[in-house]
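>>> return atomic coordinates for the entry below.
(2 chains)
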Amino acid sequence: MGRIYGKSSTDFAVDAVRLAIADAGLEKSDIDGLLINAGITGFSGQGVSLQLQNALGMGNLRLLNHMNAAGSTAAQMVQYATMAIDAGMATHVVCVFADAPLQQGGSSAAAYGNAGRRAGPTGILGLSAGAGHFGANTSYALAARRHMSLYGTTQDQLGAIAVAERSWATMNPHAKMRDPLTLEEYHASRWIVEPLHLLDCCLVSNGAVAVIVSPPEQAKDMPQPPVYVHGMGQGHPGDSRHAGDSPETETGARLAAETVFGMAGVGPEDIDVCELYDCYTYTVLVTLEDYGFCKKGEGGAFVEDGKLGPGGSLPTNTGGGQLSAYYMWGMTPLSEAIIQGRGQGGERQVEKNDLILSTGNGGALSYHASLILSPHAN
Amino acid sequence: MADSPPVKPVSQPDELTEPFFAAGKEGRLLLATCDMCGEMRLPTSPTCPTCLAEGISWKEVSGRGTVYTFGIMHQRYHPAWEPDLPYNIAVVELDEGPRMPANIIGVPNDEIVVGMPVEVVWEHEGEAPVPRFRPVA
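So this is what the prediction gives:
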């Protein structure tokens, strides 16, 4: 994962699936379900597609789909795989994300900017491009500003999230950004869209991640320590643009929280580790509020004391997240949740990993899905 | 052959929004009112997202609203916008309810605040009308 060139999304996906099958101690013939999520290249038709099945030579699938609810997809794939296994439709389901937007010599902005550069905006939706609103950076800057204005959230508080995640990244061999970061260095990083500095924004990466979902009674005898699904939830506010709605500051995480905590029979006070989708620092802050770790509007004060970092009371994004490690959409938080649940985090392994909240977010805080995972069977 | 200078992308009318842009050329702001439930909106589809009915009537509105949120763009993203960097981007909540992406004019970027009362000013990029907003004195 990272700035790796010369491979297509499908190539990356095949690599990840092969590694995952071996890691699980399975044979390719054991796999009877395949769920696929293309990243940003999926929007331009260049991403991994249903053709992956043929590249993998899987001819006896009982379950197959190409799914896209943006950054919430990874958690959703595990949810649908879990339900399908429970329903007896499949046994071992591979969930794979792959993307390859980076071109050699090109910037991350260019990789994600092409959508905004397309000619011919039309109608009401085209007013955004007409006003120079381009890309996700602008959408999240607008959301962060709204929160700062309503609740007095500060730049230092957003910076505290970037600093905490970087502290974790220094201990992750897979992380791209591994040099320690100070709040001063955060402030000195260039503006992208105020109030977002460069270091408020996630990386862009090429690569793939695959996760295998299996029945618990089989998983316990497989070579790796299993991680169990205790809760599943989704919440999708969409993109309302009307007075009275506030999707920028009250996200789909609120609805997902009710479902995921309800299913697991726990609350935020029971969660030991958070692996939260962190396309921007602000996403982490608003997600913590919407899961009830603190009150609405108090996310800034909540994160400011460093509790998300190593040694803090709520270890969060323990691999460095999308900000400092790698950007594999919802697979970034999910993969780290599984690593922590297995107890394989090495230097960064948290002491208490009984309940792990892993979230996915997509669009402009438009789509949300989450899992509660645990090393203990439910 | 020299490259032609980059041109800012400007939204063009589609079948649904032709009256909106035609009125904009005349400096007037129209909103669509659902013929069934009366909801006012900036329509992105022919059907009303509240009651799912088809059929809208366009009504001229005050063009006044408040800054719902804003940001300052520093990123080189579109070549035609580069000379304007850093420029502001805002979402204006119209008094009638709908929110509209637009730039704020007539005020330095560091004096824009959330909640600031503003009113629409139709400017033009080439032939195309572009809604922008300025502070209300």
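>>> and A:P237, how many residues sit next to it?
20 (other Cβ atoms under 10 Å in any protein chain shown). From N, CA and C alone the C-beta is placed, and that goes for glycine too.
>>> need the strands for the stretch 51-200 of chain A, in chain order.
Using DSSP state E, counting those that start in this stretch, the strands of the stretch 51-200 of chain A run over residues A:63-66, A:93-99, A:191-194, A:196-197.
>>> to chain B, which of those lies closest?
Among the strands of the stretch 51-200 of chain A, strand A:191-194 comes nearest to chain B, with 3.8 Å by Cβ to the nearest Cβ.
>>> partner strands of the closest one and their direction?
strand A:196-197 (antiparallel), strand B:64-73 (antiparallel) (DSSP bridges).
>>> hey, which of the ones you listed is tucked in deepest?
Stretch with highest mean neighbour count among those: strand A:196-197 (a mean of 25; mean count of other Cβ atoms under 10 Å in any protein chain shown).
>>> residues in contact with that one?
The contact list for strand A:196-197 (Cβ atoms under 8 Å, 6 or more residues apart in numbering or on different chains) reads A:137, A:140-141, A:144, A:155, A:158-159, A:186-187, A:189-191, A:280-282, B:71.
>>> can you flag the buried ones in the residues you listed?
A:137, A:140-141, A:144, A:155, A:158-159, A:186, A:189, A:191, A:280-282, B:71 (16 or more other Cβ atoms under 10 Å in any protein chain shown).
>>> in helices only, show me the residues you listed.
A:137, A:140-141, A:144, A:155, A:158-159, A:186, A:281-282 (DSSP state H).
>>> where does the residue of chain A at minimum distance from chain B fall, phi/psi-wise?
Across chain A, no residue is closer to chain B than A:G126, which sits at 3.0 Å (Cβ to the nearest Cβ). Phi and psi for A:G126, reported as degrees, to the nearest 10, are phi -70, psi -10.
>>> would you map the helices across the stretch 101-250 of chain A?
In the stretch 101-250 of chain A, the helices defined using DSSP state H, counting those that start in this stretch lie at A:108-117, A:127-130, A:135-151, A:155-169, A:183-188, A:216-219.
>>> what's near enough to touch the residue of chain A closest to chain B?
Neighbours of A:G126 in contact, by Cβ under 8 Å, 6+ apart: B:9-12.
>>> of these, list those near chain A.
When Cβ under 8 Å from any Cβ of the partner chain is applied, the members of these adjacent to chain A are B:9-12.
>>> mind putting the helices of the stretch 101-250 of chain A into a markdown table with distance to B:L42 and mean pLDDT?
What follows is the helices of the stretch 101-250 of chain A, written out as a markdown table (distance: least, Cβ to Cβ, whole Å; pLDDT from 0 to 100):
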| stretch | distance to B:L42 | mean pLDDT |
| --- | --- | --- |
| helix A:108-117 | 20 | 60 |
| helix A:127-130 | 8 | 94 |
| helix A:135-151 | 16 | 97 |
| helix A:155-169 | 30 | 98 |
| helix A:183-188 | 37 | 98 |
| helix A:216-219 | 50 | 96 |
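>>> just the strands in chain B please.
Remark: strands assigned in chain B by DSSP state E are B:30-34, B:40-41, B:56-60, B:64-73, B:87-94, B:99-102, B:117-125, B:128-135.
>>> include mean pLDDT when you put those strands into CSV, please.
CSV is the format used below for these (pLDDT from 0 to 100):
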stretch, mean pLDDT
strand B:30-34, 97
strand B:40-41, 95
strand B:56-60, 97
strand B:64-73, 98
strand B:87-94, 98
strand B:99-102, 97
strand B:117-125, 97
strand B:128-135, 97
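>>> now B:F20. Nearest residue, chain neighbours left out?
B:L30 (5.3 Å; Cβ to Cβ, 6 or more residues apart in numbering or on different chains).
>>> was I right about that neighbour contacting B:K59?
Yes - between B:L30 and B:K59 there is a contact at 6.4 Å, judged by Cβ atoms under 8 Å.
>>> so if I had to pick from those two, which one is more boxed in?
B:L30 (19 against 12).
>>> is the more buried one bridged to anything, and to what?
The partner residues for B:L30, given DSSP bridges, come to B:E60.
>>> from the buried ones among the contacts of strand A:196-197, which is closest to A:L314?
A:T281 (15.5 Å; Cβ to Cβ).
>>> mind listing what A:G244 touches?
With the criterion set at Cβ under 8 Å, 6+ apart, A:G244 makes contact with B:G97.
>>> cool, B:I56 as well?
B:32-35, B:43, B:46, B:48.
>>> only the buried subset of these, as a PyMOL command please.
In PyMOL, this line selects whichever of these come out buried by 16+ other Cβ under 10 Å:
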select buried, chain B and resi 32+33+34+43+48
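>>> chain B contacts on the stretch 151-300 of chain A?
A:190-196, A:241-244, A:248.
>>> switch the ones next to chain A among the contacts of A:G126 over to TSV; also include pLDDT and distance to B:L52.
Shown next, in TSV, are the ones next to chain A among the contacts of A:G126 (pLDDT from 0 to 100; distance: Cβ to Cβ, whole Å):
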residue	pLDDT	distance to B:L52
B:P9	92	31
B:V10	94	31
B:S11	95	25
B:Q12	94	27
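>>> ranking by neighbours, what's the top pick from those residues?
B:S11 (27 neighbours).
>>> just checking, that one touches A:H133?
No - applying Cβ under 8 Å as the test, B:S11 and A:H133 come out as separate, 11.2 Å apart.
>>> domain ranges for chain B, per the record?
B:13-61, B:63-137 (automatic domain parsing).
>>> nearest to A:G292, out of those domains?
Across those, closest to A:G292 is domain B:63-137 (Cβ to Cβ), at 24.2 Å.
>>> how far does that closest one stretch from start to finish?
Terminal residues of domain B:63-137 are spaced 14 Å apart (Cα to Cα, to the nearest Å).
>>> centre of the chain to it, how far?
8 Å (Cα atoms, centre = their mean, to the nearest Å).
>>> how about the residue of chain B found nearest chain A: what's its closest non-neighbour residue?
Minimum separation of chain B from chain A (Cβ to the nearest Cβ) falls at B:S11, amounting to 3.0 Å. Leaving out its chain neighbours, the residue that sits closest to B:S11 by Cβ to Cβ, 6+ apart is A:G126, at 3.0 Å.
>>> circling back: out of the contacts of strand A:196-197, who's nearest A:G292?
Among the contacts of strand A:196-197, A:Y282 lies closest to A:G292 (Cβ to Cβ), at 17.9 Å.
>>> which residues touch the closest residue to A:V266 other than its chain neighbours?
Of all residues not flanking A:V266 in the chain, A:L355 sits nearest, at 6.1 Å (Cβ to Cβ, 6+ apart). Going by Cβ under 8 Å, 6+ apart, A:L355 touches A:230, A:264, A:266, A:270-273, A:372-374.
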